[in-house]
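> Give me the fold of what follows.
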Amino acid sequence: MPMARQISIALGLGSMLLVLSPAQHKVDFQADIQPIFEKSCGQCHSAKAQMGQLRLDSETAAMAGGQSGKVIVPGHARESILYQRVAGLSDQARMPMGGKLSADQIEKIPQPPRPRRNTGPSSPRSGP
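Residues are numbered from 1 along each chain as shown. A predicted model of the protein is given here:
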């Protein structure tokens, strides 16, 4: 692998780790990730087609994964199959087929959506 590519990947992964910090930008699936999936992945991973039994047309479906298991590993970008495939770090074909995502798009994808927290008074808990 050329040195320039290795440096580029290292810088991308380094910035990814910064982006995944809880103090950083809160990723909103609908606003930040869904448009990327819809434009670049929807033809093969939606309600109409589920290659590898993977759907990326909703947050629930994306987090559930597909035939290869979970493709987004919350808090562990390097372990995310989806990240590895779109960044070209996997021994499998780079995704999306016939295209390439920008570095900015790649950085957003493996970020797990932050759980929405109830900011009001304590809510009753169910169960132990």
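> burial measure for the residue nearest to K100 when sequence neighbours are not counted, as a count.
Spatial nearest neighbour of K100, excluding adjacent residues (C-beta to C-beta, 6 or more residues apart in numbering): R94 at 7.2 Å. No exception for glycine: its C-beta is placed from N, CA and C like everyone else's. Residues lying near R94 (other C-beta atoms under 10 Å) number 15.
> Tell me the predicted confidence for R94.
Model confidence at R94, given as pLDDT, is 91.
> Which strand or helix spans it?
Using DSSP states H and E, R94 sits in no helix or strand.
> wait, isn't it in contact with Y83?
No: in this structure R94 lies outside contact range of Y83 using C-beta atoms under 8 Å: 11.7 Å.
> any low-confidence regions in the chain?
For the chain, applying pLDDT under 70 flags the ranges 1-26, 77-78, 110-128.
> what's the spacing between A49 and L89?
A49 sits 25 Å away from L89, going by C-beta to C-beta, to the nearest Å.
> between those two, which one's more packed in?
L89 (14 against 11).
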